[in-house]
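Visitor: got a predicted model here, sequence first, then my questions.
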Amino acid sequence: MAEPVLVAEGLVRRFGAIAAVDGVSLALATGEIHALIGPNGAGKTTLVNLLSGELAPQAGRILFLGRDITPLPVHARARLGLARSYQIASVVGGLTALENVALALQAHAGSSFRFFADCSGEAELEAGAKELLARVGLAARAEVPAGLLAHGEKRALELAMVLAGSPKVLLLDEPLAGAGTEESRRIVELVAGLREGRAILLIEHDMDAVFRLADRVTVLVYGRVIASGTPAEVRRDAGVRAAYLGEEAMA
Ligand code: ATP
C-alpha cells in the first residue's frame, strides 16, 4: 500500500447506548479510492463526521500526513486539504456554473486572488474555473445558471468546486444519490479520474459503482470493521456475505 495520507486509529463515537463507531481503524492512501460500505445504520456517516471534524471521537485519533489532527475543527482540517464533498461546495443557483467555481477558487486561494477586481487576477480566476469545469465535463455549460443544471451536472459542479481547494483527501458521501442511470455512469467515470494525486473515501450504496471504482473496500457493521481489503478479497469474505451483501450482490 502507498504511504497513507489519512489514518484513523481506534475511533469510538457513542450516542447514548449505541456505539455508532466502535473502535474503527482505517488508512487512506494517495491515488486510491477506498470505499466504505455497510448496511443502514452501520456507522458510515458517523465515521465520516469524525474524519471531517464535525464530530469529536470519544476515543482514538486521526492522523493527517503523520500529524495528529484529532483536536482540529472542520475548517482547519479543510485548510490542510481534507475536503468533504457536500460541505465545502455550496452551489448558488442564481450564479452560472463558471461563477460558482470562480467563487470556490477565490475562497480557497484567499490572498493570492485578493486583487480580484484587477483584470489579470480576474482573467486568471476565470481560466482556472474553466479548467476545473472542463475537468468535470461541464465546459459547455459554463454560462448556465447553476439552478438550471440537471441533477448529475450539479453533482459534477459540486465536485469542481471541491477540487478548487486541491484537496489531498476527499470524503465523498453518496455521490450517486438521486442520479439516473446515465448520470451515474458519468459520475462514476468522473470520480474514477479524481483519484490521481489524492486519497478518496467513498460512501456509496450502489454496489456496482463501488466494485467498479474501489481499490480497497472496508465493510462496517454495527460500528465495527468486519472486513477490509481489495474488492476481490471483500467479495470472497464469508463474513461479509453473511452479514451484509448476500450472494447475489457479491456475484
Ligand atoms: P445510512 O447508510 O443509513 O446512512 P450509516 O451507516 O451512515 O447509515 P449512521 O448514520 O452513522 O449510519 O448511524 C449509526 C448509528 O448511530 C445508528 O444507529 C444511528 O441511529 C445512530 N446515530 C447516528 N447519529 C446519531 C445522533 N446524532 N444521535 C443519536 N444516534 C445517532
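Guide: Yep, that arrived.
Visitor: could you use CA atoms for every contact and neighbour count after this?
Guide: OK.
Visitor: Three-state assignment for residue 205, please.
Guide: Under DSSP: H, G, I helix; E, B strand; the rest coil, the three-state class of residue 205 is coil.
Visitor: do the same with the one 5 residues further on
Guide: When the structure is split into helix, strand and coil by three-state DSSP, residue 210 lands in helix.
Visitor: give the contact list for it.
Guide: 35, 204 (C-alpha atoms under 8 Å, 6 or more residues apart in numbering).
Visitor: how's the chain carved up into domains?
Guide: 4-87+167-250, 92-148 (automatic domain parsing).
Visitor: among these, which is nearest residue 155?
Guide: Comparison of those against residue 155 by C-alpha to C-alpha identifies domain 4-87+167-250 as nearest, at 7.2 Å.
Visitor: is that closest one up against the ligand anywhere?
Guide: Yes - Domain 4-87+167-250 lies within reach of the ligand by C-alpha under 6 Å from any ligand atom, at 15, 20, 39, 40, 41, 42, 43, 44, 45, 46.
Visitor: average pLDDT for that domain?
Guide: Averaged across domain 4-87+167-250, pLDDT comes to 91.
Visitor: returning to that earlier point: could you dump the residues of domain 4-87+167-250 next to the ligand to TSV with neighbour count?
Guide: Conversion of the residues of domain 4-87+167-250 next to the ligand to TSV gives the following (neighbours: other C-alpha atoms under 10 Å):
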residue	neighbour count
15	8
20	22
39	15
40	13
41	13
42	20
43	25
44	25
45	16
46	20
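Visitor: what's the closest of these to residue 122?
Guide: Using C-alpha to C-alpha, the residues of domain 4-87+167-250 next to the ligand come closest to residue 122 at residue 45, 38.0 Å.
Visitor: and that closest one, which of the three is it?
Guide: Assignment for residue 45 (three-state DSSP): helix.
Visitor: from here on, call the first residue 33.
Guide: In the new count, where the first residue is 33, that last one comes out as residue 77.
Visitor: now the closest residue to residue 173 other than its chain neighbours: phi and psi?
Guide: Once flanking residues are discounted, residue 173 sits nearest to residue 129: 6.9 Å by C-alpha to C-alpha, 6 or more residues apart in numbering. Per-residue torsions, residue 129: phi -60, psi -40 (degrees, to the nearest 10).
Visitor: mind listing what residue 129 touches?
Guide: 165, 173, 174, 175, 176, 177, 178, 189.
Visitor: just to revisit the earlier point, farthest-apart pair in the residues of domain 36-119+199-282 next to the ligand, please.
Guide: Taking C-alpha to C-alpha, no two of the residues of domain 36-119+199-282 next to the ligand sit farther apart than 47 and 71, at 18.1 Å.
Visitor: how about stretch 220-229 as CSV, C-alpha atoms only?
Guide: Extracted in CSV, the C-alpha atoms of stretch 220-229 (Å, rounded to 0.1, in the frame of the first residue of the first chain):
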residue,chain,number,x,y,z
VAL,A,220,-18.6,7.1,-11.8
GLU,A,221,-16.3,8.0,-14.7
LEU,A,222,-15.6,11.4,-13.2
VAL,A,223,-14.8,10.0,-9.7
ALA,A,224,-12.5,7.4,-11.2
GLY,A,225,-10.5,10.2,-12.8
LEU,A,226,-10.1,12.1,-9.4
ARG,A,227,-8.0,9.5,-7.6
GLU,A,228,-4.7,10.7,-9.1
GLY,A,229,-2.8,12.7,-6.6
